[in-house]
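> Mind looking at a prediction? Sequence and model below.
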Amino acid sequence: MKPEYLEIPLVKNEELLQFEITVEGHKAFIVYKERPHTITLIHTETEPELEGKGTATAVIEKTLAYVEENNFKLIPLCPLVFAYIKRHPEWKRIVDENFKGFDE
């Protein structure tokens, strides 16, 4: 994560069911679904003003940390999150054992 994003807080917007960060008045977010002990990440998006600035990576990293810190298991259906975990396999430690996508 770029250093300028380290201090930006992650917001769990339970009304919109998304994890968000706000940078320069614009949002990057991941849509999620929560069940007991499991969070499914569905879609990652950044507003056009943030594209190419590393904000998608920042919101992914902050969200993965939240999932781990709160003892959830992860189901990474979002293609960006899935690709991030493939590049950083140490995060497989939080992936739900029933998710077989990385085995194929």
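Alright, I've got the coordinates.
> residues contacting the residue lying closest to Leu10 once chain neighbours are set aside?
Residue nearest to Leu10 in three dimensions, not counting chain neighbours: Lys62, with 4.1 Å by CB to CB, 6 or more residues apart in numbering. Just so you know, the C-beta spots here come from the backbone N, C-alpha and C atoms, and that holds for glycine as well. Counting by CB atoms under 8 Å, 6 or more residues apart in numbering, Lys62 touches 1, 5, 8, 10, 19, 21.
> now, which of the residues you listed sits nearest Asp103?
Among the contacts of Lys62, Phe19 lies closest to Asp103 (CB to CB), at 26.1 Å.
> Which of the helices or strands spans that closest one?
Using DSSP states H and E, the element containing Phe19 is strand 18-23.
> packing partners for that strand?
strand 11-13, strand 26-35, helix 55-69 (3 or more CB pairs under 8 Å, 6 or more residues apart in numbering; DSSP states H and E).
> from the chain's centre, how far out does the first one sit?
Relative to its chain's centre, strand 11-13 lies at 12 Å (CA atoms, centre = their mean, to the nearest Å).
> Run me through the strand neighbours of that strand, direction for each.
Applying DSSP bridges, strand 11-13 is found paired with strand 18-23 (antiparallel).
> Show the average pLDDT along the partner strand.
Across strand 18-23, pLDDT averages out at 97.
> how much space between the most centrally placed residue in the chain and Pro36?
By CA atoms, centre = their mean, the chain has its centre lying nearest to Ile60, at 3.2 Å. Taking CB to CB, to the nearest Å as the measure, Ile60 falls 23 Å from Pro36.
> Grab the CA positions of stretch 33-41 and hand them over as PDB.
Coordinates of each C-alpha in stretch 33-41 appear next as PDB, following Å, rounded to 0.1, in the frame of the first residue of the first chain:
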ATOM      1  CA  LYS A  33     -22.000  -9.900   2.100                       C
ATOM      2  CA  GLU A  34     -21.700 -11.000   5.700                       C
ATOM      3  CA  ARG A  35     -22.800 -14.200   7.300                       C
ATOM      4  CA  PRO A  36     -21.800 -15.500  10.700                       C
ATOM      5  CA  HIS A  37     -18.100 -16.000  10.700                       C
ATOM      6  CA  THR A  38     -17.800 -15.300   6.900                       C
ATOM      7  CA  ILE A  39     -17.400 -12.300   4.700                       C
ATOM      8  CA  THR A  40     -17.800 -12.600   1.000                       C
ATOM      9  CA  LEU A  41     -16.200  -9.800  -1.100                       C
END
